[in-house]
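> Output the structure for:
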Amino acid sequence: MSDVICSAKGCRADAVWVLAWNNPKIHTPERRKTWLACDEHREHLSQFLGVRGFLKDVVLLKEWESPQ
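Numbering: from 1, shown residues only. Purely as a prediction, here's the structure:
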């Protein structure tokens, strides 16, 4: 799945992680927006969302895509 790339600025690496988030000031509680992350940027992007209180979940991309 090489067309799924990391959301970090300037990164072109394959995404491995899904960071599910929402901004409670503008989104309903159940809404989830997503950023994708490679292994290298997972922690940085998680911290960025976390300090703002936006991060809801971090899941492996292959688990996010698999049927529930």
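> helix/strand/coil for the residue nearest the centre of the chain?
Computing the C-alpha centroid of the chain and ranking residues by C-alpha atoms, centre = their mean puts residue 19 first, at 2.1 Å. The local conformation at residue 19, judged by DSSP: H, G, I helix; E, B strand; the rest coil, is strand.
> Which strand residues bridge it?
Under the criterion DSSP bridges, residue 19 forms beta bridges with residue 35, residue 58.
> pretty sure it is touching residue 60, no?
No: using C-beta atoms under 8 Å, residue 19 makes no contact with residue 60, being 11.3 Å away. (C-beta placed from N, C-alpha, C; glycine too.)
> circling back: please list all residues in contact with the residue nearest to the centre of the chain.
Applying C-beta atoms under 8 Å, 6 or more residues apart in numbering, we find residue 19 in contact with 7, 34-37, 42, 45-46, 49, 55, 57-58.
> What part of the protein, helix or strand, is modelled with the least confidence?
Every helix and strand in the chain was compared by mean pLDDT, DSSP states H and E; the lowest is helix 61-65, with a mean of 91.
> Give me the below-cutoff pLDDT ranges for the protein.
In the predicted model of the chain, residues 1-2, 67-68 satisfy pLDDT under 70.
> longest helix anywhere in it?
Secondary structure of the chain read by DSSP state H shows that its longest helix is helix 42-51.
> Which other helices and strands does it contact?
strand 17-21, strand 33-37, strand 55-60 (3 or more C-beta pairs under 8 Å, 6 or more residues apart in numbering; DSSP states H and E).
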